[in-house]
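Asks: sequence and predicted model, in that order:
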Amino acid sequence: MNFLFPLFAVLIWSINAIVSKMSADAIDPAAISFYRWLLALITLTPFVLPGAWRNRRQIAAQWWKLLILGLLGMVLYQSLAYYAAHSVTALFMGILNALIPLLTVLISLLVLRLAPTLGILLGSILSFAGLVWLVSQGSPQQLLMHGLGKGELMMFAASTSYALYGVLTKRWAIPLPNWQSLYVQIIFGVLMLTPGFLAASDVSLNLHNIPLVLFAGIPASIIAPFLWIQGVQRMGANTATIFMNLAPIFTAIIAVLFLHESLHSYHYIGGGVTLFGVLLAQRLRTPLIRSKAQVTPSA
């Protein structure tokens, strides 16, 4: 039953892609970004603040790393997604989110000096081809003529930001419990989101957008991370990450049923090729460059 933890985490995050799309017509992106993390902060404070206060010296020593992680994970990733939702479909958002594991691997090649594999090479080529087909709606020549739209660029930047967040989290290995680290990142996130919130023209809450804020602030920001952490601890990071490939499938089903978005052939082809590339990068681990010990014949 351990598989239920990452499965339900991915399901909640998939629903959150739909919530992000719905928020485009209901609330200012700066407002939902701020309200979401403020709500998460208020909810976590009674449970996490005492422990964080006891570890305040470690937090003070790591504050700049926690600030950068808050910028990448709470500010850039979420805010860019909310802005992108004004011009891209929930289906597209789901597929771009599924690209995060591959982007994480590619960034790890540079930051963590991860050894390149045949899977990474072939998977990157396939995923790129799939994304070109998807973004161009099956007409790559049109993409060459008109280029990427602002929404597509924002979603790609959002996914890249979150991939870098994951890589830096692993590299720095901040000596704090997961929830205390997340809590401090959220504090920095709320502080950085405040200027945009204050500058927004309309930040009012109403019966239409309050449910969106509640879902983004509690299930997507607290419950899903809790389930994901449990899944990683019980199954291992490599196995749990595979469940992320279900995100575009869940998102597509929900988007068609509730947002009445249409599935076209380019979604199947482009999305399918992209996901196959991600899986290939994860599973095909043949070294791209063999070490001397592997190629030198024995005496």
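Replies: Right, received. Where do you want to start? Residues are numbered from 1 along each chain as shown.
Asks: so who does the nearest residue to residue 189 once chain neighbours are set aside touch?
Replies: With sequence-adjacent residues excluded and distances taken as Cβ to Cβ, 6 or more residues apart in numbering, residue 189 is closest to residue 74, at 3.0 Å. Any C-beta I mention is one placed from the backbone N, CA and C, and that applies to glycine too. By Cβ atoms under 8 Å, 6 or more residues apart in numbering, the contact list for residue 74 reads 37, 185-186, 188-190, 192-193.
Asks: which one is residue 254 nearest to, not counting chain neighbours?
Replies: Nearest one to residue 254, counting by Cβ to Cβ, 6+ apart, is residue 18 at 5.2 Å.
Asks: helices and strands around the helix or strand where that neighbour lies, which ones?
Replies: Residue 18 is part of helix 4-23, with elements assigned from DSSP states H and E. Packing partners of helix 4-23 (3 or more Cβ pairs under 8 Å, 6 or more residues apart in numbering; DSSP states H and E): helix 77-84, helix 90-98, helix 210-217, helix 224-235, helix 247-254.
Asks: for residue 138, helix, strand, or coil?
Replies: The three-state assignment at residue 138 reads coil, by DSSP: H, G, I helix; E, B strand; the rest coil.
Asks: next one: phi and psi at it?
Replies: Phi and psi for residue 138, reported as degrees, to the nearest 10, are phi 80, psi 10.
Asks: for residue 92, see how far away the residue nearest to it when sequence neighbours are not counted is.
Replies: Spatially, and ignoring its direct neighbours in sequence, residue 138 is nearest to residue 266 (3.8 Å; Cβ to Cβ, 6+ apart). Counting by Cβ to Cβ, to the nearest Å, the gap from residue 266 to residue 92 is 11 Å.
Asks: give me the common contacts of the two.
Replies: residue 134.
Asks: neighbour count for the two, which is higher?
Replies: Set side by side, residue 266 and residue 92 give different neighbour counts by other Cβ atoms under 10 Å, the larger being at residue 92 (27 against 16).
Asks: OK, contacts around the more buried one?
Replies: Applying Cβ under 8 Å, 6+ apart, the residues near residue 92 are 134-135, 152, 155.
Asks: out of these, which is nearest to residue 57?
Replies: Among the contacts of residue 92, residue 155 lies closest to residue 57 (Cβ to Cβ), at 39.0 Å.
Asks: now that closest one: which helix or strand?
Replies: Taking DSSP H and E as the criterion, residue 155 maps to helix 150-172.
Asks: buried residues, that helix. List them.
Replies: 151-152, 154-169 (16 or more other Cβ atoms under 10 Å).
Asks: number of nearby residues for residue 262?
Replies: Residue 262 has 10 nearby residues by other Cβ under 10 Å.
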